[in-house]
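Participant: Below: sequence and its predicted model.
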Amino acid sequence: RRYWSLMGNTGNGAPKVQKPARRHHYLPESYLQGFCNSEGLHWVFDRQTKEYRLQPPRTTGVETHLYTISTREGKSDCIEQKLAELDGRGKSVIDRLDSPRPEWRGDDREMFAMYIGFLYARTPQFDKAQSAFGEQLYRARSKANNPNAEVIAASFKKFEQETGESMADISAQDVFEMIHDDKYDVDIPRIYNIRLMIDLA
């Protein structure tokens, strides 16, 4: 929220966007341009093919709809827009500090600290790490909250009393084994990681 305030978002909620931008950079184009040659290309090492190649910043560090969120009005790229604004501010600070007469102006330090924070927290690696942590936490809590089949059977009974729905077709023992043998998938919602990205940055 502090970041949104600094970037001038005074509206209530995410703005409505008819056609959100699809290509979202987790490495800002403006940052990558600082490593380009006279032709606007920079070297990239592909860890899958084990090869080096020259390519433009536009195609580097980019994923489709990486920061797109769903709002009441539909899909929105408001977070990508704010990150783009922050990228512009960060680049202007870098340019001033890299000039013959480097200087900090106004809220440069605070904005640049956010810029650096987001460089860490907006990457796919961060997203994967948070998903893995979220999954481990969910599985640990599930085991702690369901230590035996009796506890699960009691929760079934409570559910039946509160909803009127029968749980007779589900075995408490089977559910216990599923939980404690990790025989189920955990899907961490993308919006959860996006929220973590903003808070931690």
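Facilitator: Noted; the coordinates are in hand. Numbers count the residues shown, from 1 in each chain.

Participant: mind listing the helices for this protein?
Facilitator: 2-6, 29-32, 78-97, 108-121, 124-145, 149-163, 172-180, 190-200 (DSSP state H).

Participant: can I get these in CSV with distance to residue 41, mean neighbour count and mean pLDDT?
Facilitator: C-betas here are computed from N, CA, C, even on glycine. Formatted as CSV, the helices of the chain follow (distance: least, Cβ to Cβ, whole Å; neighbours: other Cβ atoms under 10 Å; pLDDT from 0 to 100):
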stretch, distance to residue 41, mean neighbour count, mean pLDDT
helix 2-6, 32, 13, 50
helix 29-32, 10, 18, 94
helix 78-97, 19, 18, 94
helix 108-121, 21, 16, 95
helix 124-145, 23, 13, 95
helix 149-163, 59, 13, 96
helix 172-180, 52, 15, 97
helix 190-200, 29, 16, 93
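
Participant: Now tabulate those in CSV and tack on distance to residue 69.
Facilitator: Formatted as CSV, these follow (distance: least, Cβ to Cβ, whole Å):
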stretch, distance to residue 69
helix 2-6, 13
helix 29-32, 21
helix 78-97, 6
helix 108-121, 16
helix 124-145, 14
helix 149-163, 32
helix 172-180, 31
helix 190-200, 6
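
Participant: Of these, which is nearest residue 47?
Facilitator: Closest approach to residue 47 among those (Cβ to Cβ): helix 124-145, 11.8 Å.

Participant: Could you tell me the angle between the closest one and helix 190-200?
Facilitator: For helix 124-145 against helix 190-200, the angle by axes from the mean of the first three to the mean of the last three Cα atoms, to 10 degrees is 110 degrees.

Participant: just checking, what packs against helix 124-145?
Facilitator: helix 172-180, helix 190-200 (3 or more Cβ pairs under 8 Å, 6 or more residues apart in numbering; DSSP states H and E).

Participant: Kindly tell me how buried the closest residue to residue 46 other than its chain neighbours is, as a neighbour count.
Facilitator: Closest residue in space to residue 46, ignoring its immediate chain neighbours: residue 53 at 6.7 Å, by Cβ to Cβ, 6 or more residues apart in numbering. Neighbour count for residue 53, taken as other Cβ atoms under 10 Å: 11.

Participant: cool, residue 28 as well?
Facilitator: Counted with other Cβ under 10 Å, residues neighbouring residue 28 total 22.

Participant: Likewise for residue 122?
Facilitator: Neighbour number of residue 122 under other Cβ under 10 Å is 25.

Participant: What sits closest to residue 151 if chain neighbours are left out?
Facilitator: Spatial nearest neighbour of residue 151, chain neighbours left out: residue 145 (7.8 Å); criterion: Cβ to Cβ, 6+ apart.

Participant: quick revisit: please identify which of the helices of the chain is closest to residue 63.
Facilitator: helix 124-145 (6.7 Å).

Participant: any chance of the helices and strands packed on helix 124-145 in JSON lines, plus distance to residue 125?
Facilitator: Compiled in JSON lines, the helices and strands packed on helix 124-145 are given as follows (distance: least, Cβ to Cβ, whole Å):
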{"stretch": "helix 172-180", "distance to residue 125": "29"}
{"stretch": "helix 190-200", "distance to residue 125": "12"}
